[in-house]
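K.L.:
with the sequence up front, the predicted model follows.
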Amino acid sequence: MTQSLPTRDTIVDFIEGIFLRRGAESYLGEAVSMAQHMLQAAACAERDGAPTTMVAAALLHDLGHYTNEIPDDVLMEGTNNYHEEAGANFLARFFPAEVVEPIRQHVATKRYLCAVDPAYFQRLSDASVYTLELQGGPMSEAEVAAFRTNPYLEACVRVRHWDDEGKDPERAHPPFSHYRPLLASLVTS
């Protein structure tokens, strides 16, 4: 049975369905499931008093693992699945740029932070170090200079840090239902 494409009225239900159906899947060698990871990242954003757009970006930053035609496990086989671009392109139809652009840039932000902050690399999980190489490694000086002009740079960095924090199997987090009103309030008309 083919699922119908979401509309502005059904997008939150559609996303919740993904979390419920596929959220228990493993997260690329991490000790948490995909749903735990994204929910923990959102909980970290809430804890830090982030604006709703950034909480939503933290919650949805890895949704592209479910919208891309390349299976998730290919990352562990040495192929980049470009989940950040797939997720951002899908979500751009429903959410404002303040939600979508940190999602689109969360992999580039990892590359950026590895280039500008040597201590950042030391905090990456083994799986994140592995995927960093597939994603292009630390940025070059020219890439860093260009990335610094990104109007969403601060939001991207904050979402990236919450992404990195959301990998603790012991960390409590609210269920997806906690975020439904927040997401619904951000759907563009």
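P.N.:
Happy to help now that I have it. Numbers count the residues shown, from 1 in each chain.
K.L.:
residue 33 touches residue 25, doesn't it?
P.N.:
Yes - using Cβ atoms under 8 Å, residue 33 makes contact with residue 25 at a distance of 6.3 Å. C-betas here are computed from N, CA, C, even on glycine.
K.L.:
starting at the chain centroid, how far to stretch 129-149?
P.N.:
Stretch 129-149 sits 17 Å away from the centroid of its parent chain (Cα atoms, centre = their mean, to the nearest Å).
K.L.:
what is the burial count for residue 126?
P.N.:
Using other Cβ atoms under 10 Å, residue 126 has 9 other residues around it.
K.L.:
which residue packs closest to it, ignoring adjacent ones?
P.N.:
Among residues not flanking residue 126 along the chain, residue 29 sits closest, at 6.9 Å (Cβ to Cβ, 6 or more residues apart in numbering).
K.L.:
check what pLDDT that neighbour gets.
P.N.:
Here, the pLDDT recorded for residue 29 equals 70.
K.L.:
hang on, it is in a helix, isn't it?
P.N.:
No - going by DSSP: H, G, I helix; E, B strand; the rest coil, the assignment for residue 29 is coil, not a helix.
K.L.:
contacts only, for it.
P.N.:
Counting by Cβ atoms under 8 Å, 6 or more residues apart in numbering, residue 29 touches 76, 125, 126, 127, 130.
K.L.:
and the residue nearest the centre of the chain, how far is that from residue 183?
P.N.:
Centroid check for the chain by Cα atoms, centre = their mean gives residue 61 as the closest residue, at 1.8 Å. Using Cβ to Cβ, to the nearest Å, residue 61 is found at 13 Å from residue 183.
K.L.:
flag every buried residue along stretch 148-163.
P.N.:
150, 152, 153, 155, 156, 157, 158, 159, 160, 161, 162, 163 (16 or more other Cβ atoms under 10 Å).
K.L.:
distance check, the last one against residue 94.
P.N.:
It stands for residue 163. From residue 163 to residue 94 the distance is 21 Å (Cβ to Cβ).
K.L.:
what of the third one?
P.N.:
Here the distance between residue 153 and residue 94 works out to 24 Å (Cβ to Cβ).
K.L.:
so which residues of this structure form helices?
P.N.:
Using DSSP state H, the helices of the chain run over 11-22, 34-47, 52-60, 83-91, 97-104, 106-116, 118-123, 126-134, 141-147, 153-165, 180-186.
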